[in-house]
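Novice: Model the following, please.
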Amino acid sequence: MRTQNSRSTTALDHLVEQIRAGAIETVIVAFCDMQGRLVGKRLTGQYTLDHVIEDGIHFCVYLLGTDMELNTPPGFPDMGWGQGYGDWTARPDWSTVRTLPWHEKTALVLSDVTDHAGNLIAVAPRTVLRRQLERAANLGFTVKIASELEFYLLDESYDAAHAKNYQSLALAGTYYEDYQLLQASRNEPFYAKLRKQLSLAGIPIEGTKGEAGVAQHEINAYYTDALEAADRHVLLKHGAKEIAIQNGRAVSFMAKPDHSWTGSSSHIHLSLWDQKDVNAFFDSSSDLHQMSDMMRHFLAGLIVHIRELSLLFAPYVNSYKRFMTASWAPTHIVWGVDNRTCGLRVVGHSNGKRIENRFPGADTNPYLATAAMLVAGLDGIENRIALPPEWVGNGYVAQDVHAESLPTSLYEAIRAFETSEFAKNALGENVYQHYLNAARVEQRAYDQVVTNWEKRRYFERV
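Specialist: Residues are numbered from 1 along each chain as shown. Modelled structure (predicted):
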C-alpha cells in the first residue's frame, strides 16, 4: 500500500471503525472517467477491510478509452483490442472518503488510477491535474479554485424524459427565475435537500439561486485546494443526479439542452497562493486593479493559449452551442474587471483576488478544465508573457488584435488542438493524443447521425 498522509490515515482509521461498528456496510470505490463521470464498484465493508485497503480495485483499462456510450473506438495509444484490454488499478485516496447521506450506510472514496506497480496513469483526468499542480508547486504555488455549476431541473424522471426522446420536457418552472425567490420557492424542498445532503457528504455548499433560464438553477461550493475542489465538483454532479432520481426528478448539466434555453455554465474561479499562504494574485501597490505581476502573467498565458486548449474544457459538440452573442456565455478571449461579457473576468479584493474563467460549461470535466488553466497560466508566468489591455465595454463586439474568438464548433477546437505544439509539449504525447482522439471520436459520432432538424428541413423540399 502507498504511504498515506496524516489526513488520509485519520480518514481511513475512521472508516475502519465505522465498518467494524456496522455504521458503514457499503463502500463505493470510484474514479473519474474522461467524460467527468464517476465509475467504480460497490463493495461490502468487510471486503474493503480484507482487500481494498492494501490492493485497491482492478478495472478494465477501457473505462478510460470509451465514448459517452461506452463503445470502444480505436485510436487510443494506451489501449485497444491489440493490447488485449487488460487491467489498471483504482487506488483509493483515503483523504477523500465520505459518508453519502442519500444512501443507507454507504461511504464513497475517490481513487487515483495506477498500473499494477503503483505508477500513476498519465491519461486519467485526476493525474492530468496532479501533474499541473506539481508544476505549480515547483514554482512555489498552491492552487485554489471554486467552480459554479448551473443545471436545469425537470418535473419528471430521467426514465420519463428518455421515453419521450427528450422532447417537450416538463421544466420545473414557467418563467425566468434569475435571483427570483418566488419561483425558486416552488422547488425549495428539492433544493434544500440538495444543499443539506451535499454538505453532509463533505461538499460544503454556499447556496443555490435561480439562474437566467426557466427552471435553471446555480449551486456554489466553497473554494478550496484545486484537487479537492475538482473532487467535490464531480461528486456534486453525481450526488445531484442520484438525489434527483430518488425524488422522481431529473437534473441536466448539458451545456445547451435546447436551442431556445440559456446555456449552463461552470465558471472556474482560480488563484495562486505562495508558501506563506498569501494570495499571489494580489498586490496592493499595483496600479492595475491591484493585480500582481504574477496575476498579469498568468492571465496573459490564458489569453494566449486558451483557444488551442479549448478541448479540455469544452469537450463535446454540444459544448460549443452555448457560445452565443448576448447569451451570458462568452465568445471572445478578452479580460475585464467585473465584466460578464468577457471570457476572463477579474474579480475580488485582497486574498479574494482571482480570475473567473467563464468559458467552461456545466458539461466540463473539472480536472481537465483546471489543468488546462494551469497549463496556460503557468506558461504565462514562466515566460513572463505581457498582458494585453483590459477590455472595457461589451466583450461580445471585441474586434481588436488581442480579441481572438473561442472556437465556434468542436471541429474548430480539434483543429486548434491538433496543430498545437504547445499543447503536445505541455501535456505530454500520450495525454495529448488520448484526448485528441476522444474529440475526434465524439465529432465522428455526431457527423454520422441524421438529425430531426435535417429531416424537417429536407425530407420533402429537396
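
Novice: Show me where the protein has its helices.
Specialist: 6-21, 45-47, 53-55, 125-138, 158-163, 181-185, 188-200, 226-246, 293-305, 366-382, 410-418, 421-427, 429-447, 452-458 (DSSP state H).

Novice: State the pLDDT value of Asp400.
Specialist: Looking at Asp400, its pLDDT stands at 56.

Novice: tell me which residues in stretch 369-384 are buried?
Specialist: Across stretch 369-384, burial judged by 16 or more other CB atoms under 10 Å covers 369-381. All C-beta atoms are positioned from the backbone trio N, CA, C, and that covers glycine.

Novice: For the nearest residue to Asn339 once chain neighbours are set aside, give the beta-bridge partners.
Specialist: Sequence neighbours aside, Arg345 is the residue nearest to Asn339 in space, at 5.9 Å (criterion: CB to CB, 6 or more residues apart in numbering). As for beta bridges, Arg345 partners with Gly336, Glu356 under DSSP bridges.

Novice: Arg345 contacts Glu356, doesn't it?
Specialist: Yes. Counting by CB atoms under 8 Å, Arg345 touches Glu356, with 4.2 Å between them.

Novice: So Arg440 sits against Tyr411, correct?
Specialist: No. Between Arg440 and Tyr411 there is no contact under CB under 8 Å: 10.0 Å.

Novice: picking up where we left off before, can you put the buried residues of stretch 369-384 in a markdown table and add distance to Leu149?
Specialist: Below are these laid out as a markdown table (distance: CB to CB, whole Å):
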| residue | distance to Leu149 |
| --- | --- |
| Ala369 | 12 |
| Thr370 | 14 |
| Ala371 | 18 |
| Ala372 | 18 |
| Met373 | 17 |
| Leu374 | 20 |
| Val375 | 22 |
| Ala376 | 22 |
| Gly377 | 22 |
| Leu378 | 25 |
| Asp379 | 27 |
| Gly380 | 27 |
| Ile381 | 28 |
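
Novice: of those, closest to Arg307?
Specialist: Taking CB to CB as the measure, Ala376 is the one of the buried residues of stretch 369-384 closest to Arg307, at 9.7 Å.

Novice: was I right about the closest one contacting Ile306?
Specialist: Yes. Using CB under 8 Å, Ala376 is in contact with Ile306, at 5.7 Å.

Novice: The strand ranked longest in the chain - what's its average pLDDT?
Specialist: If you go by DSSP state E, the chain has its longest strand at strand 142-154. Averaging pLDDT along strand 142-154 gives 97.

Novice: Same question for stretch 217-225.
Specialist: 96.

Novice: tell me how far the ends of that stretch are from each other?
Specialist: 25 Å (CA to CA, to the nearest Å).

Novice: Excluding its own residues, what touches it? List them.
Specialist: Applying CB atoms under 8 Å, 6 or more residues apart in numbering, the contact partners of stretch 217-225 are 142-153, 177, 184, 187, 191, 194-195, 198, 203-211, 229, 232-233, 236, 240, 269.

Novice: for that stretch, the distance to its chain's centre please.
Specialist: For stretch 217-225, the separation from the chain centroid amounts to 12 Å (computed by CA atoms, centre = their mean, to the nearest Å).

Novice: Ok, stretch 299-313 next?
Specialist: That offset, for stretch 299-313, works out to 16 Å (CA atoms, centre = their mean).

Novice: What are the buried residues along stretch 46-54?
Specialist: 48-49, 52.

Novice: Kindly export it (C-alpha atoms) in PDB.
Specialist: The C-alpha trace of stretch 46-54 is given here as PDB (Å, rounded to 0.1, in the frame of the first residue of the first chain):
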ATOM      1  CA  GLN A  46     -15.700  -6.500   5.100                       C
ATOM      2  CA  TYR A  47     -14.200  -7.000   1.600                       C
ATOM      3  CA  THR A  48     -12.900  -3.400   1.800                       C
ATOM      4  CA  LEU A  49     -11.100  -4.200   5.100                       C
ATOM      5  CA  ASP A  50      -9.800  -7.500   3.800                       C
ATOM      6  CA  HIS A  51      -8.500  -6.500   0.300                       C
ATOM      7  CA  VAL A  52      -9.100  -2.900  -0.900                       C
ATOM      8  CA  ILE A  53      -7.100  -1.100   1.800                       C
ATOM      9  CA  GLU A  54      -4.000  -2.900   0.600                       C
END
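
Novice: Now it: average pLDDT?
Specialist: Mean predicted confidence for stretch 46-54 is 95.

Novice: gap between that stretch and the chain center?
Specialist: 30 Å.

Novice: residues touching the most centrally placed residue in the chain, list them.
Specialist: Nearest to the mean C-alpha position of the chain, counting by CA atoms, centre = their mean, stands Pro366 at 2.3 Å. By CB under 8 Å, 6+ apart, the contact set of Pro366 is 36, 147, 229-230, 233-234, 266, 268.

Novice: Pick the one among those residues closest to Asp277.
Specialist: Among the contacts of Pro366, and counting by CB to CB, the member closest to Asp277 is Ala229, at 16.3 Å.

Novice: Beta-bridge partners for the closest residue to that closest one other than its chain neighbours, please?
Specialist: The shortest distance from Ala229 to any non-neighbouring residue, by CB to CB, 6+ apart, is to Ile145 (4.6 Å). Legend: beta-bridge partners of Ile145 under DSSP bridges are Thr224, Leu270.

Novice: Perfect, that will be all.
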